[in-house]
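**Student:** fold the following, please.
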Amino acid sequence: MITTLAAFLLTSFSIAELGDGFGMYVDMYLLGCGWGEKSVVVAGIFRGVVDLVLKSFVGDIIDKTHRDRRTFLAMAALVIGLSSLMVYFVNGADTADKVLVYAVRSIESVALAFLGPAFAAITLSAFGPEMFDEMNVKKEVVSHAGSIVSAVLSGGIAWVFYPSIEAVFILPFGFAASAVFFSRFIPRGDPLMGRGFHLHTEARDEQNCVIDTHKEEPEPEAATYWDVFSDRRIVGIVAADVFHVIAEANVGLIFNSALAGVGSWNNDDGGDDATNTDDDYNDDDNVMSRSAIPLLATAGSMAQIVMIAGTWGVGYLTARGWGRKPFYIAHLCVHPVRVVLILLCMWTNAGKGWLASTELVGGLTGALGIVNQFMRADIVFGSGRFNVVDGYIATIRGVAAVSSQYIGAVILEGQG
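**Tutor:** As a prediction, the model looks like this:
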């Protein structure tokens with residue numbers, strides 16, 4: 001018998017990498033197929049545009065639905081897992097290949113738009129607002145652990161089958177199937193609580209999960225969209241997030257390209273690359289060097305380890321009365337430090353080992369980011385608009401990220 005907590009944690013573990021955890025391998029694979037850096041970013045933009053357009057609408061659907069939200073989660077995970085297999089049909093950079101990638105990534109983004117809101121609503125329905133912060137911390141810690149396992153497995157597969165790294169993309173389908181299976185063991189709880197109604201739990205079962213005591217009651221009236229969207233606290237969070245996302249959006253492509261030694265970052269002299277052997281280094285500008293595979297996996301794992309420790313620490317301290325704002329301000333301030341460190345590593349040709357170590361700072365940024373979730377929840381609990389507000393914020397962040405990514409990609413490819 002799988003307990004509710006075990007099912008929740010195993011589902012969290014499984015969906016950890018269904019967001020964009022394999023994105024760097026998709027980018028590297030497409031570059032290896034002859035795609036330019038701008039084209040790779042455009043593929044991501046197709047995915048991002050659909051995702052950001054849908055976020056608010058999906059949040060509203062998840063809030064208002066009377067259907068089982070676990071079904072939304074299962075269907076979204078399955079679509080994402082199947083879409084990862086698209087790489088087996090991409091062999092080059094011609095028009096047909098690009099249309100396929102753009103179409104599949106768009107479909108994938110529709111599913112992705114449902115994944116986060118559905119799981120957030122399931123968490124709130126099953127455990128209630130009193131346990132939301134605690135369960136979010138557990139979810140994030142286990143998700144980061146899942147990311148480490150995923151990084152090790154994907155790095156190992158890519159190393160063994162190099163240069164045919166497309167074998168990596170079997171993993172997302174496996175994680176998706178696991179999420180579908182374990183999510184069925186999480187109780188439905190109180191569906192109205194899943195959209196942010198009912199601030200206090202009236203009854204719990206033997207596993208401390210919410211029992212729905214409002215089945216026969218009329219549905220409460222939700223706050224208006226204007227009331228929640230124009231709340232000055234929400235506006236403040238959105239404004240801060242926009243500047244943060246603009247700064248963050250291009251770091252991933254630059255970091256992954258530089259570390260993998262592909263595109264315009266290939267054939268740098270000095271640093272760690274000076275000792276590369278012919279087996280480790282690939283003379284093709286668009287093919288990831290084999291020596292980059294363990295670096296990419298190690299960099300991702302280092303970040304996740306920091307996130308595990310940091311998320312647990314932030315959750316522990318906030319549960320004991322520490323204010324959320326200092327952690328949130330720290331979250332906004334840490335990322336520029338990482339950007340500066342990455343630029344220093346590249347300008348001084350310090351080598352890929354030093355470049356990979358900057359992911360430790362990236363991990364700290366991610367760990368502190370959980371406070372953002374706490375603050376949003378504090379503001380919207382009781383409004384009945386929990387998921388639509390999350391979608392609204394995600395949409396604004398997405399517009400900023402996509403715009404910044406495209407401008408950055410044009411500059412990156414133009415500068416060579």
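**Student:** can we go C-alpha only for contacts and neighbour counts from here?
**Tutor:** Fine.
**Student:** and stretch 36-44, how far out from the chain's middle?
**Tutor:** With CA atoms, centre = their mean, to the nearest Å as the basis, stretch 36-44 stands 19 Å off its chain's centre.
**Student:** what is the mean pLDDT for that stretch?
**Tutor:** The average pLDDT for stretch 36-44 rounds to 72.
**Student:** now it: buried residues?
**Tutor:** Within stretch 36-44, the residues scored as buried using 16 or more other CA atoms under 10 Å are Gly36, Glu37, Lys38, Ser39, Val40, Val41, Val42, Ala43, Gly44.
**Student:** list the contacts of Asp190.
**Tutor:** Shown in contact with Asp190 (CA atoms under 8 Å, 6 or more residues apart in numbering): Ser125, Ala126, Val210, Ile211, Asp212, Thr213, His214.
**Student:** out of those residues, who has the most neighbours?
**Tutor:** Neighbour counts for these (other CA atoms under 10 Å) peak at Ser125, which has 28 neighbours.
**Student:** what's the pLDDT at it?
**Tutor:** Note on Ser125: pLDDT of 90.
**Student:** got it, and the one 10 residues further on?
**Tutor:** At Met135, the pLDDT value in this model is 92.
**Student:** helix, strand, or coil at it?
**Tutor:** helix (DSSP: H, G, I helix; E, B strand; the rest coil).
**Student:** mind checking how far it is from Val160?
**Tutor:** Per CA to CA, to the nearest Å, Met135 is found 37 Å from Val160.
**Student:** what's the answer for Lys325, then?
**Tutor:** Taken as CA to CA, the span from Lys325 to Val160 is 46 Å.
**Student:** same question for Thr365.
**Tutor:** Thr365 is 32 Å from Val160, where distance means CA to CA.
**Student:** out of those two, which sits in the busier spot?
**Tutor:** More crowded of Thr365 and Val160, by other CA under 10 Å: Thr365, with 25 against 13.
**Student:** how much space between that one and Gly323?
**Tutor:** From Thr365 to Gly323 the distance is 17 Å (CA to CA).
**Student:** same check on Thr201?
**Tutor:** Using CA to CA, Thr201 is found at 24 Å from Gly323.
**Student:** comparing these two, which shows the higher neighbour count?
**Tutor:** Each of Thr201 and Gly323 has its neighbours counted (other CA under 10 Å); Thr201 has more, 18 against 12.
**Student:** setting aside sequence neighbours, what's the nearest residue to the more buried one?
**Tutor:** Nearest residue to Thr201, sequence neighbours excluded (CA to CA, 6 or more residues apart in numbering): Gly128, at 6.3 Å.
**Student:** which residues touch stretch 304-315?
**Tutor:** 133-134, 137-138, 140-142, 144-145, 147-148, 327, 360, 363-364, 366-368, 370-371.
**Student:** scratch that, stretch 140-151
**Tutor:** Where contact means CA under 8 Å, 6+ apart, the residues beyond stretch 140-151 that reach it are 9-10, 12-17, 21, 171, 297-298, 300-301, 304-305, 307-308, 311-312.
**Student:** kindly export stretch 148-168 (C-alpha atoms) in PDB.
**Tutor:** Extracted C-alpha coordinates of stretch 148-168, given in PDB (Å, rounded to 0.1, in the frame of the first residue of the first chain):
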ATOM      1  CA  ILE A 148      20.000  14.900  -9.700                       C
ATOM      2  CA  VAL A 149      19.000  11.400 -10.600                       C
ATOM      3  CA  SER A 150      17.900  12.600 -14.000                       C
ATOM      4  CA  ALA A 151      21.200  14.500 -14.600                       C
ATOM      5  CA  VAL A 152      23.300  11.400 -13.600                       C
ATOM      6  CA  LEU A 153      21.200   9.100 -15.800                       C
ATOM      7  CA  SER A 154      21.000  11.400 -18.800                       C
ATOM      8  CA  GLY A 155      24.700  12.200 -18.500                       C
ATOM      9  CA  GLY A 156      25.600   8.500 -18.300                       C
ATOM     10  CA  ILE A 157      23.400   7.600 -21.300                       C
ATOM     11  CA  ALA A 158      24.800  10.500 -23.300                       C
ATOM     12  CA  TRP A 159      28.400   9.400 -22.500                       C
ATOM     13  CA  VAL A 160      27.800   5.800 -23.300                       C
ATOM     14  CA  PHE A 161      26.000   6.400 -26.600                       C
ATOM     15  CA  TYR A 162      28.000   9.500 -27.700                       C
ATOM     16  CA  PRO A 163      27.700  11.100 -30.200                       C
ATOM     17  CA  SER A 164      24.100   9.700 -30.500                       C
ATOM     18  CA  ILE A 165      22.800  11.600 -27.500                       C
ATOM     19  CA  GLU A 166      19.200  11.200 -28.600                       C
ATOM     20  CA  ALA A 167      19.000   8.000 -26.400                       C
ATOM     21  CA  VAL A 168      18.600  10.500 -23.500                       C
END
